[in-house]
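Novice: The following comprises the amino acid sequence and a computationally predicted model.
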There are 2 protein chains.
Amino acid sequence: MTNLEKWEKLSQKLDEIAAYGRTIGKLQFDMECTAPEEGLEQAGEDMAIIGKQIFALSHDKEYESLIIELHEDCEGLTPVQKKAIEHLYERYAKEKNVSAELDYEMSMASNKAYVDWLTAKKEKNYAIFRDSFEKLIKLTQTFIDLRDEKKETYYDTCLDEYEKGGSIAQLDAFFAALKERIVPLVARIKAEGKPIRDDFLTRPVPIPQQEKFSEYLLEKEGLRKTALVLRTTEHPFTTHFGANDVRVTTHYYEENFISNIFSTMHEGGHAMFMMYEPKELYDNHCSDYMTSAMHETISRFYENIIGRSEAFVHFVMPKLRELSGDTFDDVTERELYEAVNIAEPGLIRMEADELTYGLHILVRYELEKAFVNGEITVDEVPAIWNAKYKEYLGLDVPDDEKGCLQDVHWSGGWGYGYFPSYALGNAYGVQILRTMEKDIDVFGLIQEGNLIPIGDWLKEHVFSIGSLTTPDEWIKAITGEAFNVNYYLDYLEEKFTKLYELK
Amino acid sequence: MTNLEKWEKLSQKLDEIAAYGRTIGKLQFDMECTAPEEGLEQAGEDMAIIGKQIFALSHDKEYESLIIELHEDCEGLTPVQKKAIEHLYERYAKEKNVSAELDYEMSMASNKAYVDWLTAKKEKNYAIFRDSFEKLIKLTQTFIDLRDEKKETYYDTCLDEYEKGGSIAQLDAFFAALKERIVPLVARIKAEGKPIRDDFLTRPVPIPQQEKFSEYLLEKEGLRKTALVLRTTEHPFTTHFGANDVRVTTHYYEENFISNIFSTMHEGGHAMFMMYEPKELYDNHCSDYMTSAMHETISRFYENIIGRSEAFVHFVMPKLRELSGDTFDDVTERELYEAVNIAEPGLIRMEADELTYGLHILVRYELEKAFVNGEITVDEVPAIWNAKYKEYLGLDVPDDEKGCLQDVHWSGGWGYGYFPSYALGNAYGVQILRTMEKDIDVFGLIQEGNLIPIGDWLKEHVFSIGSLTTPDEWIKAITGEAFNVNYYLDYLEEKFTKLYELK
């Protein structure tokens, strides 16, 4: 067989694996958005059976041989195909010692943990989740033990899993820089920040109107309606089944209309990345390899850099007034802008402001690092969580629903090591913004409500190479220099100093 | 291996097949209720791949051997297990000559036909559907040719497929009886029926209120909320993934609120049957073997016998008033009862009244019989459809959306031969009603809004044996006598004579 024939053969197998991948993804989506309560258990079992088949297909001897052989010699393949082989080989090397039984066990455990998490959160009863949680952590460690390539600790492996090259050493430094400049800034705001009006934020906006607003925002972001689905879930997320079927979920609270706005903007950002990778990447099985921090860069770019800008508030204000009747007649644009940027420690990460957000991640980072590396047990998690919220954010956590059960992440296999991506994404985003501004008038465009050129710029410079690069290479290629956290910290300092009229 | 060991082994395999079955069902549900337009093609391809796997699992040599061996000797199995083997063997015998390739082709063709049908209907352009339609019919014939057991014609096989024992001879006689008594009745109503007020039927009822009404009705029917999903589709349907995950779809038209009511009642009836077969049948792979006429018996029992009764109108009127404000303040119960029973030929089967419904089925029956047996080509279908609507219902069909493209059935593989089930179901239902009335005060209970004892009676006498009997056996077991169409025709004559105050 020539290399090209090998590629063709591999490609067919990848098509089948992809079909199963989309299938299990749709089962998951169904479980989260549609299935009735009584159907969840069966649904989890069915997903495990499909997962078993994916495992079988991707551990088929011929499939593996093709990857190994093309990894050794890929002469004649296009650069994108070569990169696809690189990704596939990496995955193969990581998983080659994992048995079908163990993989099935992880799949079953994840599904059970998700159901248990849902119940535990609903009933504010951590004990319901405890055993599943412990089992998932143990399984994660077992998986890591089976790898040939060893990192310093379990959690270093988790970090590298999401961000190639990531490590505790790197993240410790990153969070140290954040703490050094954000903590004093939060303190200054508390001490000398001007008061910001927020009485109108709890005024009710009917859910059907909020739904319309979400649809409007997603369209404005530049997402194709014919390839997009919008649904409601407890914890918003975005998923996709190819570039032509992208699904965003959000949540609506009648008395917290801005929650939905920023959740929609955020998920819409993920959706942009999913919908607009270059076709060549899709066609050559080399799409969807961007890291999670890259993904969060885009989601938080739309949520914060765009969404929480004064320009954006100017542009959406008329639509908000149209959809909400006279609810906000006495509110100025400036007041809304200030209100959506109130920097004040809160309990819920999803509702956190741009400034204190990093502190929420810090809590999770420190906890994950400890429980994944076996330094604390799952029984200690709620208390330590609460203690850290007291220490970093000065808040008392009333129950685990608003505490360590608030996020979905820890209820999924391989859910550990993801949280830092959010904080990294915030920082990457500002560095990219500064480059983008050299080409286009970003905030001028936002002010006009024309987000299309921003999306186009992202497509050309950012989406185009996400699946082909590591985070370091990516930032370098886009901005011409290495990652520098100071762009982000400067941006925060400037924005919040002005907003709160600090001296 | 003992027979019991064989059963256990087979049972495991059936579990896996069932998991794939639910999976493909959920993919289908997703396609109809969730997936965006651009995602449909890929979704169809993915379903075909899962279908291929189901085919492989259910044509596995060991699986087949177990069925064949247990069919020969099933000593020691329970009666339900024995019945399951009987069903499985029957399916095996029907499919044993079908290749994986042909099965895959049917699956692909069905998915394509569904997409084409949707587009064709939307664009009122039959030509878009034509080729897929022709291909499906050819494939149906090919499948039938491969069977060992031969029926008189292709369409006889289709009928027997849905109703064991059904044939053109039987159906010709059935429809002849209907024509003989219904056609003159319709004529008498036209000539001497009193006028019925219907001005209020097009008064707008907001869709959110209609949604709430649907939820209310489904709960009243006796469906468990925790195992039920309600969604919206073009063509309402009900499906399920085990007894704990039953899904009903309906449609809402702001200016036709009764359409949703009867669609919900109908689909809710299907849902009852799906949710309440005995657990022993589920656990022994012997559920869901009821025929489609049995299913339609129940759906049309809830839609017509219950839903279009005066007792039912009395019971739901307060809820309707509550949800619709003052919209129907000037309408009496009697006026609503009469209005939902107006017997007047219309173009749309789904909106047809209880009396003329059979004529819609007659058109489809005669067309199916002709095109499945190759007596007419697909190019002739629209014109013949239109001619028959003129002849039997006296109506001109303005376009194919309201004509031969109105129903989903012909766009699915094995969708031919189903329509007669609706008409048979109507007739079975009345015979069952007459028996039920010996045990409970059916219309008294409906009047009180207490449908639970009706559901319980159906569970005990009707749902319990559906998967264990042929239609003839079923009716005999429930009512103590053979099927007799006159119960139904008497019921119609009595109801509509009174309603229209005919002399």
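Specialist: Structure's in. What do you need? Residues are numbered from 1 along each chain as shown, chains lettered A, B, ... in the order given.
Novice: State the number of residues packed around residue A:208.
Specialist: 12 (other Cβ atoms under 10 Å in any protein chain shown). C-beta: built from backbone N, CA, C; applies to glycine.
Novice: can you tell me which residues contact it?
Specialist: residue B:208 (Cβ atoms under 8 Å, 6 or more residues apart in numbering or on different chains).
Novice: what does the helix or strand hosting residue A:81 contact?
Specialist: Residue A:81 belongs to helix A:79-95 when assigned by DSSP states H and E. The contact list for helix A:79-95, computed with Cβ under 8 Å, 6+ apart, reads A:7, A:58-59, A:64, A:67-68, A:70-71, A:74, A:77, A:147-149, A:280-281, A:284-286, A:289, A:467-468.
Novice: if we go to 7 Å?
Specialist: A:7, A:64, A:67, A:70-71, A:74, A:147-148, A:280-281, A:284-286, A:289, A:468 (Cβ atoms under 7 Å, 6 or more residues apart in numbering or on different chains).
Novice: what do you get for stretch A:356-375?
Specialist: A:137, A:140, A:153-155, A:158, A:168, A:171, A:175, A:178, A:182, A:186, A:343, A:345, A:349, A:352, A:376, A:378, A:381, A:384-385, A:388-389, A:392-393, A:416-417, A:419-420, A:422-423, A:426.
Novice: go again using 6 Å as the cut-off
Specialist: A:153-155, A:158, A:175, A:178, A:182, A:345, A:349, A:352, A:376, A:388, A:392-393, A:416, A:419-420, A:422-423 (Cβ atoms under 6 Å, 6 or more residues apart in numbering or on different chains).
Novice: May I see the PyMOL selection of the buried members of these?
Specialist: Of the contacts of stretch A:356-375, the buried ones go into a single PyMOL selection, burial set by 16 or more other Cβ atoms under 10 Å in any protein chain shown:
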select buried, chain A and resi 153+154+155+158+175+178+182+345+349+352+376+388+392+393+416+419+420+422+423
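Novice: Mind checking which of the contacts of stretch A:356-375 land in helices?
Specialist: Of the positions in these, A:154-155, A:158, A:175, A:178, A:182, A:388, A:392-393, A:419-420, A:422-423 sit in helices, assigned by DSSP state H.
Novice: In the residues you listed, find the pair that's most separated.
Specialist: Distance extremes for the ones in helices among the contacts of stretch A:356-375: the farthest pair is A:154 and A:182 at 28.1 Å, using Cβ to Cβ.
Novice: Nearest spatial neighbour of residue A:265, chain-adjacent residues omitted?
Specialist: Closest residue to residue A:265 apart from its sequence neighbours, by Cβ to Cβ, 6 or more residues apart in numbering or on different chains: residue A:307 at 4.1 Å.
Novice: related to what we said a few turns ago, beyond the helix holding residue A:81, next helix or strand please.
Specialist: Next element after helix A:79-95 (DSSP H and E): helix A:100-122.
Novice: how far off helix A:79-95 does that next one point, in degrees?
Specialist: 90 degrees (axes from the mean of the first three to the mean of the last three Cα atoms, to 10 degrees).
Novice: Pull out the buried residues from whichever helix or strand comes after helix A:100-122.
Specialist: Where DSSP H and E defines the elements, the next helix or strand beyond helix A:100-122 is helix A:127-145. Within helix A:127-145, the residues that qualify as buried are A:128-130, A:132-137, A:139-141, A:143-144, counting by 16+ other Cβ under 10 Å.
Novice: any idea which of the residues you listed is closest to chain B?
Specialist: residue A:128 (17.5 Å; Cβ to the nearest Cβ).
Novice: What is the neighbour count of the closest residue to that closest one other than its chain neighbours?
Specialist: In this structure, residue A:128 finds its nearest non-sequential neighbour in residue A:120, 3.8 Å apart by Cβ to Cβ, 6+ apart. Counted by other Cβ under 10 Å, the residues lying close to residue A:120 total 23.
Novice: Tell me how far residue A:120 lies from chain B.
Specialist: 18 Å (Cβ to the nearest Cβ, to the nearest Å).
Novice: shouldn't that residue be in contact with residue A:127?
Specialist: No: under the criterion of Cβ atoms under 6 Å, residue A:120 makes no contact with residue A:127, lying 7.5 Å away.
Novice: hang on, the earlier thing: need the buried ones from the contacts of helix A:79-95 selected in ChimeraX.
Specialist: This is the ChimeraX syntax for the buried subset of those, where burial follows 16+ other Cβ under 10 Å:
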select /A:7,67,70,71,74,281,284,285,286,289,468
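Novice: on that earlier part again, could you pull up phi and psi at the residue nearest to residue A:265?
Specialist: phi -60, psi -40 (degrees, to the nearest 10).
Novice: Please report the number of neighbouring residues for it.
Specialist: Residue A:307 has 25 nearby residues by other Cβ under 10 Å.
Novice: How much space separates it from chain B?
Specialist: 24 Å.
Novice: how close does the closest residue to chain B within the stretch 301-450 of chain A sit to residue A:207?
Specialist: Using Cβ to the nearest Cβ, the single residue of the stretch 301-450 of chain A nearest to chain B is residue A:323, 16.2 Å away. As for residue A:323, its distance to residue A:207 is 11 Å (criterion: Cβ to Cβ, to the nearest Å).
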